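Novice: My questions concern the predicted model and sequence given below.
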Amino acid sequence: MIVNQNTIKDLASKQMRIDGRALTEYRKPILVETNISWTAEGSARVQVGETVVMAGVKLSLEKPYNDTPDEGGIMINAELTPLSSAEYESGPPGIKAIELSRVTDRGIREAKAIDMKKLCVEPGEKAWFVIIDIVTINDAGNLFDVAGLATLAALKSARFPVVDTETGAIDYKKKTDQPLPLTKEPLPVTVYKINGNLVIDPTVEEEQVYEARLTVATDDKGTISAMQKGGTESLSIDEISMMIDLAQEKATFLRGELDKQLQ
Amino acid sequence: MTYSKRLDERKNDELRPMDAKAGVIPNADGSAYFRAGKTTAYVAVYGPRELFPKFKQDPKKGLLRCHYAMMPFSGSGERIRPGTSRRAQEISMVMEQALLPVIDLSEFPNSVVDVFVQLPQTDAGTRCAAISAAAIALADAGIPMKDMISSVAVGQVDGTIVADLSYGEESYPAVVSDIPVAMTHNTKQITLLQMDGEISKEDLVKALDAAKSATEKVYDVQMKALKSKFSVENKK
């Protein structure tokens, strides 16, 4: 796609953008809605500008892995649906969807945001596994941050289903009021470098001209739990340091939006 | 006739609460949201656009392709593995055939109109919700249409003819028939007809007759959605 490549770069060096935002400003509105799917144990729809992503949590009881017999597990899967953009096609997930799901997964997993031991029901025999599916509805840019927000909102809204005490079967139609054992709330923020300037929340057009990007997942204390550098150009340590500062600041902002809207 | 009161206390010809909205996906050429009870469908239409691979192109007219998908967390039981299933492929095919009779793609040779469906939550009647949403989205995309298509299931639960069966009714422990129907608005022609369960021919004809007024109710919701997007008063 031919885009306003040079305009975006020129504007960035003047601290300006095509849509009039400041370089480090998120689009509006930022909307978080939970419990959008009665069939999921937890679910959320998040909108940032025109980007819309849904996330759903399903819980199941499985045999724990051999190396962690007293822990449950998580899995995060992302689908870039052809519904959400003319750029996406039907079929098995491409590298963009794989990267999105793996980066989102690491942000949650490596922060130990879910207490895996508390997911264990019977060591070596039975534990809860948390599967999160991210589905794009409209990709207008910055899927990393929007998917991360949707994932956290869905996890926060999740409630365990009722389990029959005799047969051990899950009744997915009935939920308890017990939430997931969340210990912290990591959120990914992606900082883009466009013409040497740091940019937040890019549109699809802006995503096509960046030199490098860095996704940084941080929890409410600012601890970093996952990072992913992307793009074809290099970053200096100073730049990375500035990007992390910005990511932490913006994660605090997003967390505030999330808390405000989930009350 | 023992099924005298419906499980969710609806009247026999009463549909589940419906909602519809046109133009919900900015990237798409046309789009819609449709809800019937606890079943929700999002549909995006892309096209007419050039069809690849080229050997599939028809130099006389454009092609309509439907792609039906349930989100992995949208089933009432365990997670559904992502990717297409035999069921999804069949529904995609009957969707195409339900919509094609009213769609005129003769002006778009060698092109394709893609209709993508995603369901975040399902109860019953997903193909009907998908078809009703797709018809709104196709109209929203400006695809030439001779008539509107509205879809809803009718059926018989333990001797009683009812409209828009819920999941509880589909699995009611008695003789049940579930008949998803799509109908053209002006000519009352049937473009989708499937059925499972058991029903006599006489009762089937009665049920199909009931589908006329049932699809009419869906039609009203569809047109309201389109009018609220395109009416002059809403354009500022």
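Specialist: Thanks, I have the structure now. Numbers count the residues shown, from 1 in each chain, chains lettered A, B, ... in the order given.

Novice: in the stretch 151-263 of chain A, which spans are helices?
Specialist: Here the stretch 151-263 of chain A has its helices, by DSSP state H, counting those that start in this stretch, at A:237-262.

Novice: so who does whichever residue of the stretch 51-200 of chain A sits closest to chain B touch?
Specialist: The stretch 51-200 of chain A approaches chain B most closely through residue A:56 (3.0 Å), counting by C-beta to the nearest C-beta. Quick note: C-beta positions are derived from backbone N, CA and C, even for glycine. Counting by C-beta atoms under 8 Å, 6 or more residues apart in numbering or on different chains, residue A:56 touches A:37, A:39-40, A:42-43, A:132-133, A:135, A:154, B:71-74, B:120.

Novice: Check which helix or strand it maps to.
Specialist: When elements are assigned from DSSP states H and E, residue A:56 belongs to strand A:51-62.

Novice: what's the closest non-adjacent residue to residue B:219?
Specialist: Spatial nearest neighbour of residue B:219, excluding adjacent residues (C-beta to C-beta, 6 or more residues apart in numbering or on different chains): residue B:150 at 4.4 Å.

Novice: Alpha carbons only: can I get the one helix or strand the one you found maps to in CSV?
Specialist: Using DSSP H and E, residue B:150 maps to strand B:149-157. This file holds the C-alpha atoms of strand B:149-157, laid out as CSV (Å, rounded to 0.1, in the frame of the first residue of the first chain):
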residue,chain,number,x,y,z
ILE,B,149,-33.1,-11.5,2.9
SER,B,150,-34.3,-12.1,6.4
SER,B,151,-33.6,-15.3,8.3
VAL,B,152,-34.9,-17.0,11.4
ALA,B,153,-35.7,-20.6,12.5
VAL,B,154,-39.1,-21.9,12.8
GLY,B,155,-40.0,-25.4,14.1
GLN,B,156,-42.2,-27.6,16.2
VAL,B,157,-41.6,-28.4,19.8
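
Novice: Past that strand, which element shows up next along the chain?
Specialist: Downstream of strand B:149-157, the first helix or strand assigned by DSSP H and E is strand B:160-163.

Novice: Now that following strand: average pLDDT?
Specialist: Strand B:160-163 comes out with an average pLDDT of 96.

Novice: ditto for stretch A:75-91
Specialist: 96.

Novice: what residue ranges in chain B are flagged as low confidence?
Specialist: Applying pLDDT under 70 to chain B flags residues B:1, B:233-236.

Novice: ok, now how distant is the residue most central in space within it from chain A?
Specialist: By C-alpha atoms, centre = their mean, chain B has its centre lying nearest to residue B:131, at 2.2 Å. Distance, residue B:131 to chain A, using C-beta to the nearest C-beta, to the nearest Å: 16 Å.

Novice: Just say helix, strand or coil for that residue.
Specialist: Recorded secondary structure, residue B:131: helix (DSSP: H, G, I helix; E, B strand; the rest coil).

Novice: so what's the closest residue to it other than its chain neighbours up against?
Specialist: Distances taken as C-beta to C-beta, 6+ apart place residue B:151 nearest to residue B:131, at 3.9 Å, with adjacent residues excluded. Residues near residue B:151 by C-beta under 8 Å, 6+ apart: B:98, B:127-129, B:131-132, B:135, B:180-183, B:192, B:215, B:218.

Novice: how about those in a markdown table, adding secondary structure?
Specialist: Formatted as a markdown table, the contacts of residue B:151 follow (three-state DSSP):
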| residue | secondary structure |
| --- | --- |
| B:98 | helix |
| B:127 | helix |
| B:128 | helix |
| B:129 | helix |
| B:131 | helix |
| B:132 | helix |
| B:135 | helix |
| B:180 | strand |
| B:181 | strand |
| B:182 | strand |
| B:183 | strand |
| B:192 | strand |
| B:215 | helix |
| B:218 | helix |
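
Novice: which of the residues you listed tops the neighbour count?
Specialist: Ranked by neighbour count (other C-beta atoms under 10 Å in any protein chain shown), these have residue B:131 at the top, with 33 neighbours.

Novice: For that one, which residues are in contact?
Specialist: B:95, B:98, B:99, B:149, B:151, B:182, B:192.

Novice: which one of these is nearest residue A:234?
Specialist: Top of the list for closeness to residue A:234, among those and by C-beta to C-beta, is residue B:95 at 48.9 Å.

Novice: hang on, the earlier thing: quick check, nearest of the contacts of residue B:131 to chain A?
Specialist: Distances from chain A to those, taken by C-beta to the nearest C-beta, are shortest for residue B:95, at 14.0 Å.

Novice: I figured the closest one hits residue B:135, correct?
Specialist: No - between residue B:95 and residue B:135 there is no contact under C-beta atoms under 8 Å: 10.1 Å.

Novice: Nearest to chain A: which residue in chain B?
Specialist: At 3.0 Å from chain A, residue B:73 is the closest residue in chain B, using C-beta to the nearest C-beta.

Novice: Identify the residues contacting residue A:159.
Specialist: Neighbouring residues of residue A:159 by C-beta under 8 Å, 6+ apart: A:41, A:42, A:175, A:176, A:177, A:178, A:179.

Novice: Leaving out the residues flanking it, which one is nearest to the second one?
Specialist: Of all residues beyond its chain neighbours, the one nearest residue A:42 is residue A:158 (2.7 Å), with distances taken as C-beta to C-beta, 6+ apart.

Novice: So what's the residue count around the one you found?
Specialist: With other C-beta under 10 Å as criterion, residue A:158 counts 27.

Novice: Quick check: phi and psi at it.
Specialist: The phi and psi torsions at residue A:158 (degrees, to the nearest 10) take the values phi -70, psi 140.

Novice: That one is in contact with residue A:178, isn't it?
Specialist: No - between residue A:158 and residue A:178 there is no contact under C-beta under 8 Å: 9.5 Å.

Novice: near chain B, which residues of the stretch 51-200 of chain A?
Specialist: A:52, A:54, A:56-58, A:60, A:77, A:79, A:81-86, A:90, A:92, A:131, A:133, A:135, A:137-140, A:172-173 (C-beta under 8 Å from any C-beta of the partner chain).

Novice: Quick one, which of those residues are buried?
Specialist: Using 16 or more other C-beta atoms under 10 Å in any protein chain shown as the burial test, those include A:52, A:54, A:56-58, A:60, A:77, A:79, A:81-86, A:131, A:133, A:135, A:137-140, A:172 as buried.

Novice: measure the closest residue in space to residue B:180 that isn't next to it in sequence to residue B:18 for me?
Specialist: Distances taken as C-beta to C-beta, 6+ apart place residue B:153 nearest to residue B:180, at 4.6 Å, with adjacent residues excluded. To residue B:18, residue B:153 is 13 Å away according to C-beta to C-beta, to the nearest Å.

Novice: quick one on the thing from earlier: of the contacts of residue A:56, which belong to strands?
Specialist: Per DSSP state E, strands hold the following members of the contacts of residue A:56: A:42, A:43, A:132, A:133, A:135, B:120.

Novice: Report the contact partners of the fifth one.
Specialist: Applying C-beta under 8 Å, 6+ apart to residue A:135 gives the contacts A:53, A:54, A:55, A:56, A:78, A:79, A:81, B:71, B:72, B:118, B:120.

Novice: What is the burial count for the last one?
Specialist: Using other C-beta under 10 Å, residue B:120 has 25 other residues around it.

Novice: check contacts around the nearest residue to it once chain neighbours are set aside.
Specialist: Sequence neighbours aside, residue A:37 is the residue nearest to residue B:120 in space, at 4.7 Å (criterion: C-beta to C-beta, 6+ apart). The contact partners of residue A:37, taken as C-beta under 8 Å, 6+ apart, are A:43, A:54, A:56, B:71, B:73, B:74, B:120, B:121.
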